[in-house]
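Trainee: Make a model of this:
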Amino acid sequence: MDHKVGDLISQLYPAVYTQMVPKQGESKPRRRRRKNTGDGSDSGLDPRQVAVWFQNRRARWKNKKLEEEYTKLKTAHESIVVEKCQLESEVLKLKEQLSRTEKEIQRLADHVDRVSTESPSSPLSMAMDPPFLGEFALEGYEDAFYMQPENSYIPGMEWINQFI
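Mentor: Okay, the predicted model is just below:
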């Protein structure tokens with residue numbers, strides 16, 4: 001504390017200030033731990049102090065274990081939440097794919113219904129005959145399997161794949 005402020009306080013409150021602040025040259029009394037003199041009268045720590053020390057130690061150990069368990073559970077929870085989000089996204093994609101497939105199936109079923117109701121003399125009903133293999137067809141290979149390349153899609157010609 002500044003000496004001027006200390007002088008002012010000591011003048012205003014002499015009894016209180018002299019009790020609170022030691023005079024110059026005096027030092028505060030220090031608390032010291034009692035040393036064991038070895039005469040047998042003082043046998044060491046108080047049993048209550050030992051009990052409190054062990055109680056604190058157990059509490060610290062328990063808190064440490066709880067923190068470790070919490071960290072493990074938090075990590076597991078976060079990974080499960082991420083996996084859940086990925087699965088929900090996959091379900092949405094699969095539902096969209098299912099919807100598109102159902103629409104395509106309905107469109108093809110409508111197309112087949114229209115073709116089957118037309119008269120036998122119509123040009124579309126003639127296209128339902130087995131596919132023409134051309135003049136280069138080889139005997140014994142009539143039921144040979146032919147696969148179209150992936151990028152040779154012709155719109156409206158999906159039904160012909162049933163016969164190829």
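Trainee: Going by C-alpha atoms from here, please, whenever you check contacts or count neighbours.
Mentor: Will do.
Trainee: Sketch out the low-pLDDT regions of the protein for me.
Mentor: 1-6, 8-10, 12-43, 119-164 (pLDDT under 70).
Trainee: Identify, by residue count, the longest helix of this protein.
Mentor: Longest helix of the chain, by residue count under DSSP state H: helix 47-117.
Trainee: Mind giving me the packing neighbours of that one?
Mentor: Applying 3 or more Cα pairs under 8 Å, 6 or more residues apart in numbering; DSSP states H and E, we find helix 47-117 packed against helix 123-126.
Trainee: K72 - how many residues pack around it?
Mentor: Neighbours of K72 under the rule other Cα atoms under 10 Å: 11.
Trainee: so how far is R60 from it?
Mentor: For K72, the distance to R60 (Cα to Cα, to the nearest Å) stands at 19 Å.
Trainee: what do you get for V50?
Mentor: In this view, V50 and R60 are 15 Å apart by Cα to Cα.
Trainee: same check, this time on D113
Mentor: To R60, D113 is 78 Å away according to Cα to Cα.
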